[in-house]
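**Q** Sequence plus the predicted model coming up.
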Amino acid sequence: MVKILEVHPLNPEPRVLERAARVLRDGGVIVYPTDTVYGIGCDITRQAAIERISWIKGRDPKKPFSLVSPDLSAVSKYAKVSNYSFRILKRFLPGAYTFVLAGNKEVPKGLRSRQKTVGIRIPDHPVPLGLVKLLGRPIISTSANKSGEDIITDPAELESRLGRLVDLILSCGPLPVLPSTVVSLIGDRAEVLRHGAGDASFFSEP
């Protein structure tokens, strides 16, 4: 039976983060809070776990996931960051945004789109940031719900609908409904691909 651990949203307990990081290291799948919605994730080097998340969500395995990076310096390991992109990332991250950039060879196959792009998140939330720092590499970022279904905001519902399918749920209470705002920075041009929790007005300016 899946283990649910309460985690403080502002000051996450080190023992809880270490427990979750251990599950990730072992190739497990977890549900974790972010600054937008609950995410479902795994270590990006574990291809079997990535495929398992696709199965859990009922999602086309060829459709790439985004990743949670610990900081801007780590982004350049997985994505090509131009001066223009860096200025945008520095201004809006950490925050409720996913930025689409050109990926590089370090991006695992399951995270790279056919256009060889990758989605990058640095959530403004200490739990996912603490996890990736402990793990030493990014984790998958995708909403914890079945594809095409409503976003799950309540931990009790997460347990009932996904509990048997994942290895650990980190709960910090109900979260908002809106996912991150997705912005493409390909070609040094900002294009909003999905409106969400992050304010997109800057990218709509002429």
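**A** Structure's in. What do you need? Residues are numbered from 1 along each chain as shown.
**Q** make it CA atoms for all contacts and neighbour counts henceforth
**A** Will do.
**Q** so where's this structure shaky on pLDDT?
**A** By pLDDT under 70, the low-scoring segments of the chain are 1-2, 110, 112-114, 205-206.
**Q** The residue positioned nearest the centre of it pairs with what?
**A** The residue lying closest to the centre of the chain (C-alpha atoms, centre = their mean) is S141, at 2.1 Å. On the basis of DSSP bridges, S141 is bridged to S66.
**Q** Let me see the contact set for it.
**A** Residues in contact with S141 (C-alpha atoms under 8 Å, 6 or more residues apart in numbering) are 39-41, 65-68, 121.
**Q** Go again with 10 Å.
**A** 32, 34, 38-42, 44, 65-69, 98, 111, 119-123, 128 (C-alpha atoms under 10 Å, 6 or more residues apart in numbering).
**Q** Could you pull up phi and psi at E18?
**A** E18 adopts backbone torsions of phi -70, psi -40, taken as degrees, to the nearest 10.
**Q** May I ask which helix or strand encompasses A48?
**A** helix 47-57 (DSSP states H and E).
**Q** residue boundaries of the strands in this protein?
**A** Per DSSP state E, the chain carries strands over the ranges 3-6, 30-32, 39-41, 66-68, 97-102, 117-121, 139-141, 168-171, 181-184, 191-194.
**Q** just those: most buried one?
**A** strand 139-141 (a mean of 27; mean count of other C-alpha atoms under 10 Å).
**Q** now that one, how far from the centre of its chain.
**A** Offset of strand 139-141 from its chain centre (C-alpha atoms, centre = their mean, to the nearest Å): 4 Å.
**Q** same check, this time on stretch 183-192
**A** Chain-centre distance of stretch 183-192: 19 Å, with C-alpha atoms, centre = their mean.
**Q** Also stretch 109-122?
**A** Its chain's C-alpha centre and that of stretch 109-122 lie 12 Å apart, by C-alpha atoms, centre = their mean.
**Q** Same question for stretch 142-161.
**A** With C-alpha atoms, centre = their mean as the basis, stretch 142-161 stands 15 Å off its chain's centre.
**Q** Repeat that for stretch 121-132.
**A** Distance, stretch centre to chain centre, for stretch 121-132: 9 Å (C-alpha atoms, centre = their mean).
**Q** What of stretch 82-90?
**A** From the chain centre to the centre of stretch 82-90 is a distance of 20 Å (C-alpha atoms, centre = their mean).
**Q** Going forward, the N-terminal residue is numbered 628.
**A** Got it, the first residue is 628 from now on, which makes the last one we talked about stretch 709-717.
**Q** residues in contact with it?
**A** Applying C-alpha under 10 Å, 6+ apart, the contact partners of stretch 709-717 are 698-699, 702-703, 707-708, 718, 722, 724-729, 747-749, 811-817, 830.
**Q** same thing with stretch 676-685?
**A** So stretch 676-685 is contacted by 651, 653-657, 667-671, 673-675, 686-692, 735, 737-738, 766-767, 769-776, 789, 792-793 (C-alpha under 10 Å, 6+ apart).
**Q** How many residues are close by S709?
**A** S709: 16 surrounding residues under other C-alpha atoms under 10 Å.
**Q** Need phi/psi at it.
**A** Note on S709: its backbone torsions stand at phi -80, psi 170 [degrees, to the nearest 10].
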